[in-house]
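*Asks:* quick one: sequence and predicted model below, then my questions.
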Amino acid sequence: LSQGARQRIKEFYLKRRESAEQQSGGSLPVTPRQLEALIRLSEARARAELRRVVLRSDVEDVIEIVQSGSDFQEQFLQTAVRKGKSKPNAIVDRLMQYMERRVRGGGGREFRESELRERAGPGVSQQDFDKALQRLNDPGTLTVSGSGTYMFNP
């Protein structure tokens, strides 16, 4: 590494660590492994230009790539990540449990839509409820038997 390349790597690494410490909440941690990667990438950049010595310009090119990648990563981390089941699938599970319990308990296999709507839970949109009914209907688990009435086929 040339003196300029060493200096630039050091500046960049220390600046990244400092900003990570200040933003410890949502920022990605900066580790010595990243410093090693920055050095190796800079060396690879110099070899691509058929040079044995890493120049400051090689380090600048690598820093540009690393920054664009970390910007993307931070944006990706800030987007909502779904955990668990989608809402319609959770509703399907809730309705299946209710219908299975009722049938095992000796209740009938016929269910009114209003009853299922109530069992879907508060705050469930009509769209999510309809999707859940469709997912139950697709394999034939829940079929329409009349106006506003469904037949459960376990």
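*Replies:* Here it is on my side, so go on.

*Asks:* all helices for this structure, in order.
*Replies:* Assigned helices in the chain, in chain order: 3-22, 32-48, 56-78, 87-104, 113-120, 126-137 (criterion: DSSP state H).

*Asks:* check which helices and strands the first one is in contact with.
*Replies:* Helices and strands touching helix 3-22, as assessed by 3 or more C-beta pairs under 8 Å, 6 or more residues apart in numbering; DSSP states H and E, comprise helix 32-48, helix 56-78. C-beta here means a position set from N, CA and C on the backbone, and glycine is covered the same way.

*Asks:* same thing with the shortest one?
*Replies:* For helix 113-120, the contact count by 3+ C-beta pairs under 8 Å, 6+ apart identifies helix 87-104, helix 126-137, strand 149-152 as packing neighbours.

*Asks:* that older thread, quick one, which of the helices of the chain is nearest to residue 152?
*Replies:* Between residue 152 and the helices of the chain, the shortest gap by C-beta to C-beta is with helix 87-104, which sits at 4.6 Å.

*Asks:* and that closest one with helix 126-137, angle?
*Replies:* 60 degrees (axes from the mean of the first three to the mean of the last three C-alpha atoms, to 10 degrees).

*Asks:* one step back: switch the helices and strands packed on helix 3-22 over to JSON lines; also include mean neighbour count.
*Replies:* Listed next are the helices and strands packed on helix 3-22 as JSON lines, based on neighbours: other C-beta atoms under 10 Å:
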{"stretch": "helix 32-48", "mean neighbour count": "15"}
{"stretch": "helix 56-78", "mean neighbour count": "14"}
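
*Asks:* pick the most buried one from the helices and strands packed on helix 113-120.
*Replies:* strand 149-152 (a mean of 18; mean count of other C-beta atoms under 10 Å).

*Asks:* which neighbours does that strand have in its sheet, and in what orientation?
*Replies:* Here strand 149-152 is paired, per DSSP bridges, with strand 110-112 (antiparallel), strand 142-146 (antiparallel).

*Asks:* angle of the last one against helix 113-120?
*Replies:* Angular relation of strand 142-146 and helix 113-120 on a 0 to 180 degree scale: 150 degrees, by the same axes, to 10 degrees.
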